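Student: Sequence and predicted model, in that order:
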Amino acid sequence: MSQRRLAAIMFTDIVGYTSLMGKDEKKAFDTIKKNRLIHLRLIKKNRGRWLKEMGDGILASFSSSIDAVMCAVSIQHAADEMNIPLRIGIHQGDVIFEKNDVLGDGVNIASRIQGVATINGIVISETVYRDVRNKDGLDIESLGTQTLKGVESPLGIYRVSCQDLSILDYKIDTGELTRPLGFGRTPLIFGVLFIALLAYALYYFIPNFNNSLSEGGKSILVLPFDNYTGSDTLEYFTASMHDGLIGDMGKISALRVISKTTANTYKDTEMSIPEIASERNVNYIVEPSVLCLGDSVCIRVKLISTYPEEKQLWIHDFKVERSQIQNLYSLVTKNFSDEINVILTPQEEKLLTETRSVDPAAHDLYMKGQVYNDQMSEDALQRAAQYFKLANEQDPDWAPPYRGMASVLERQYQMGFIDRSVAMPKLSEYIDKALKLDPNSSWVYNLRGSKAAWFEWDWVNGEQDFLKSIELNPNHAGNHAFYAGLLTILRRTDEALHHARIAQELDPLNPFILGLCAGVLIEAGECQAAINLIEKAISIEPNHYFTYPLMINASTCIGDFQKAFEVVKQLNYTQWEKYDLTENFEEIFIERGWFAVQEEAIKLYEESGPLNELREDGQQAIRYITVKKYSKAMDYFEKAYEMHNPNLPGISRNTIYTRMKDNPRYISLLKKMNLPIP
């Protein structure tokens, strides 16, 4: 349904971004991420609507020209503090809002006048000028009438600036870097039942209960590889080497090894080695660097102890043929363990002496696939699958491409991108082949455990596989996090908390881990502690979709329905705006409260017609539970059972079980799924 409205359209663009990408890809990505965070908070702060991101440009709309201009000057000051050069253009006109897009001459004019601005400049059209000319604190200068490409008539253009910072609020370090979120057809997410389980298929993991695993033991953080090859296009290669080295060191049970996501936060840091060690509570730091990359790979590894003082214990150069790169990580790990007198178990000795050559071209394709696999979007997963397939064709006797293809299929199925009939046959095939080629792969056991538990509802084999994955790599945060998820479904809450704490300590700066850990806490009734973790996750990644549904559950758990409603409104911003529902829901909440909102949502999403695109059966079941209409909730759960929905096992969690355990249909369904009953 299209809607025509008068709106102020703001278009912003980073000056010189294409050139920066060519010179320094990492700096370019850091710049666009910072720019996005600035816009997310300040568009929301000034009552605007984020419309879309176009390369390095961002399009937003406002119902008021004043709001648009104040947002623009705030963004410009914030960007200037972070050395991000922007041009901004604003025009008010008649535009058409259609789905998540905006169309019309107003959009075209805003983009065109943006090109008139100088670096760090803001320009506005005549229509905007008429609304803001009397605004205190703004400095406005006429640039005359100009003819713009693609615009039929000449326009009056004005330059805007603001030196009176007292009228602005542009600080970006408040933890409020959030925007109204839109998730397609996933409106009103009232719980984590169906979204939390998505994260179990995402392969990444959990954090922060202030609970040390290895006080007095040996702990290590491996810094990201420095690149001294002279080539600035090897980010994917050095990232894969970092992952590989951490993976091999993680096999040693006598060590606590900080996971990759947290270690990556110290890339290019200005913190000293002792500061990093103190912040992460480790007593060893490894500094690796790549010196050459061609037919051979050359690396230098420094080992630094951090207690009682910083001291370089060991420095060693390694050079291997590129085909031996997989064996390089084990070689470094064995040298490292000898240096710090770590006693390896017989199994660890065996794992670290296994060798295998790999085709360099296959290895390169596989690493590129991993980059896309970690991005999680539908398009990225398709590209990851293509790279893994090419790697497999290049070297069909190498296990990692099979496990990569299996990982993609799990994610695509869990996230609803492909059907069960497409996913399951190939998934089993890829996992079986990967295990045949590498029977000691912790990751593959993790994948098989996920498949057994959430796709086949085989809790016994799922648990055995997760325990095997932990045995093979006790330092992999994901192994513990996934197992904690299964234990939560089985309502073994104390055990789930134990493994969540381990995962959290291993990867304390990973938003997925924080979110999953918060989910375990909610099921244990520790809801304020869960909120603390969720807020930490949001401070790390403000636009992280997984954390917001958890915040709804945790907030309702402690009775903070105002906070819950605010998050619901954020999650449903796009849909509510599209159907003019925002004011309606706000009035219901103010006048009749949280549970009346649930009743209205149920009524809305049961209707036929265009609103059907908003309905999601799992969420509707949760709404019915919220308003104590358990029979209606069971209608949806039984439908999910017939479809073998991989998210259905979540119905066994404590937060649902305690409310539904007296319902005969619910108990019958648990029995069918071999889930625990009284």
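Tutor: Great, that's in hand.
Student: Could you report the distance from residue 586 to residue 593?
Tutor: From residue 586 over to residue 593 the distance is 12 Å, taken as C-beta to C-beta, to the nearest Å. Heads up, the C-betas are built off the backbone N, CA and C, glycines and all.
Student: Repeat that for residue 287.
Tutor: For residue 287 relative to residue 593 (C-beta to C-beta), the value is 56 Å.
Student: what does residue 550 give?
Tutor: 22 Å.
Student: What of residue 166?
Tutor: 38 Å.
Student: These two: which has the busier surroundings?
Tutor: Between residue 166 and residue 593, residue 593 has the larger neighbour count (other C-beta atoms under 10 Å), namely 12 against 7.
Student: helix or strand for residue 337, which one?
Tutor: Here residue 337 sits within helix 325-339, counting by DSSP states H and E.
Student: Give me the residues contacting stretch 457-475.
Tutor: Residues from elsewhere that reach stretch 457-475 (C-beta atoms under 8 Å, 6 or more residues apart in numbering): 247, 249-253, 255-257, 259, 351, 440-443, 445-446, 448-450, 452-454, 456, 476, 479-480, 482-483, 486, 489-490, 506, 649, 673-675.
Student: Where strands are concerned, which of the residues you listed count?
Tutor: Judged by DSSP state E, strands contain the following of those: 255-257.
Student: Kindly reformat those residues as JSON lines containing pLDDT.
Tutor: Formatted as JSON lines, these follow (pLDDT from 0 to 100):
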{"residue": "255", "pLDDT": "89"}
{"residue": "256", "pLDDT": "92"}
{"residue": "257", "pLDDT": "93"}
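Student: for residue 340, what are its contacts?
Tutor: Per C-beta under 8 Å, 6+ apart, neighbours of residue 340: 218, 284, 303, 313.
Student: what's the answer for residue 91, then?
Tutor: Contacts of residue 91 (C-beta under 8 Å, 6+ apart): 8-9, 106, 109-110, 113, 124-125, 127-128.
Student: let's see it at 10 Å
Tutor: Contact analysis of residue 91 by C-beta atoms under 10 Å, 6 or more residues apart in numbering lists 7-11, 65, 68, 105-114, 123-128, 151, 155, 157.
Student: same for the longest helix seen in the chain, what does it pack against?
Tutor: Looking across the chain with DSSP state H, the single longest helix is helix 25-45. Contacts defined by 3 or more C-beta pairs under 10 Å, 6 or more residues apart in numbering; DSSP states H and E place helix 25-45 against strand 2-14, helix 17-23, strand 49-54, strand 57-62, helix 65-81, strand 86-98, helix 235-249.
Student: weakest of these in terms of mean pLDDT?
Tutor: Set side by side, those give their lowest mean pLDDT on helix 17-23, at a mean of 73.
Student: who touches that one?
Tutor: 14, 16, 27-29, 31-32, 35, 55-57, 84-85, 232.
Student: per-residue pLDDT, residue 677?
Tutor: 86.
Student: Kindly apply the preceding question to residue 417 instead.
Tutor: Residue 417 is assigned a pLDDT of 87 by the prediction.
Student: helix or strand right after the lowest-mean-pLDDT helix or strand in the chain?
Tutor: Least confident element among the helices and strands of the chain, by mean pLDDT, DSSP states H and E: helix 193-200 (a mean of 38). Toward the C-terminus, helix 193-200 is succeeded by strand 218-222 as the next helix or strand (DSSP H and E).
Student: List the neighbouring strands of that following strand plus their orientation.
Tutor: Using DSSP bridges, strand 218-222 pairs in its sheet with strand 255-257 (parallel), strand 284-293 (parallel).
Student: Pick the most deeply packed of those.
Tutor: Of all these, strand 255-257 carries the top mean neighbour count, a mean of 25, counting by mean count of other C-beta atoms under 10 Å.
Student: Can you give me the buried ones in the next helix or strand after that one?
Tutor: Note on strand 255-257: by DSSP H and E, the next helix or strand toward the C-terminus is helix 260-264. Applying a neighbour-count criterion of 16 or more other C-beta atoms under 10 Å, one finds 260-263 buried in helix 260-264.
Student: Which elements pack onto the next helix or strand after helix 260-264?
Tutor: For helix 260-264, the succeeding helix or strand toward the C-terminus, using DSSP H and E, is helix 273-280. Applying 3+ C-beta pairs under 10 Å, 6+ apart, one finds that helix 273-280 contacts strand 218-222, helix 260-264, strand 284-293, strand 296-305.
Student: Check which residues of helix 273-280 are buried.
Tutor: For helix 273-280, the neighbour count (16+ other C-beta under 10 Å) marks 273, 276-277, 280 as buried.
Student: do the same with stretch 220-240
Tutor: By neighbour count with 16+ other C-beta under 10 Å, stretch 220-240 contains the buried residues 220-227, 229, 234-235, 237-240.
Student: same check, this time on stretch 65-82
Tutor: Within stretch 65-82, the residues scored as buried using 16+ other C-beta under 10 Å are 65-79.
Student: Centre of the chain to that stretch, how far?
Tutor: 27 Å (C-alpha atoms, centre = their mean, to the nearest Å).
Student: Kindly report the same for stretch 524-533.
Tutor: On the basis of C-alpha atoms, centre = their mean, stretch 524-533 sits 20 Å off its chain's mean C-alpha point.
Student: who touches that stretch?
Tutor: So stretch 524-533 is in contact with 206-209, 488, 493-494, 496-497, 500, 504, 511, 513-523, 547, 550-551, 553-560, 563, 654-655, 658, going by C-beta under 10 Å, 6+ apart.
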